[in-house]
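Chemist: Sharing a sequence plus its predicted fold:
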Amino acid sequence: MARIAGIDIPKNKRGVIALTYIFGVGRSRSKEILDAAKVDQSIKVQDWTDDQIASIREQVGTFTIEGELRSETQLNIKRLMDIGCYRGIRHRTGLPLRGQRTKNNSRTRKGKRKTVANKKKATK
């Protein structure tokens, strides 16, 4: 099992797919990394040589990935919340930020339903 950027890459998958297990590396970036490292994309990870793994590690190191990327994202969200812009307020209240409606859906952001009791009718 190859270990790149602190992540155990699955050895039974093709290189393009295996590199996507790293946070911040998608399909296009993994293709870019393998091309720069001069490794065939269709070869499985278990067939990589030590030299190929070393060159892939070197190429992955040029990108912002894993913990550094996560902390950068969190800092960007915190900045939005601190300046009090619309998106920051939506982050703070846990509502969707990009114009989605909230009357019926948005359960992912709002969480589990909170049932509110009906008002009692006044008797005469």
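Modeler: Yep, it's here. The shown structure was predicted, so the numbers you read here are calculated from the model rather than taken from an experiment. Numbering: from 1, shown residues only.

Chemist: so what's the most centrally placed residue in the chain up against?
Modeler: Centroid-nearest residue in the chain: residue 23, 5.8 Å away (criterion: Cα atoms, centre = their mean). Listed by Cβ atoms under 8 Å, 6 or more residues apart in numbering, the contact set of residue 23 reads 7, 65, 66, 69, 70. (C-beta placed from N, C-alpha, C; glycine too.)

Chemist: got it, and residue 3?
Modeler: With Cβ under 8 Å, 6+ apart, residue 3 has these contacts: residue 9.

Chemist: got the residue ranges for the strands in the protein?
Modeler: Remark: strands assigned in the chain by DSSP state E are 2-4, 7-9.

Chemist: What strands line up against the lowest-mean-pLDDT helix or strand in the chain, and which way round?
Modeler: Sorting the helices and strands of the chain by mean pLDDT, DSSP states H and E puts strand 2-4 at the bottom, at a mean of 86. Strand 2-4 has its sheet partners listed here by DSSP bridges as strand 7-9 (antiparallel).

Chemist: Just the buried positions in the strand it pairs with, please.
Modeler: For strand 7-9, the neighbour count (16 or more other Cβ atoms under 10 Å) marks 7, 9 as buried.

Chemist: With stretch 7-19 instead?
Modeler: For stretch 7-19, by 16+ other Cβ under 10 Å, it's 7, 9, 14, 15, 16, 18, 19.

Chemist: Spatially, which two of those residues are the most separated?
Modeler: 7 and 14 (16.3 Å; Cβ to Cβ).

Chemist: Show the average pLDDT along stretch 58-67.
Modeler: The pLDDT scores in stretch 58-67 average 92.
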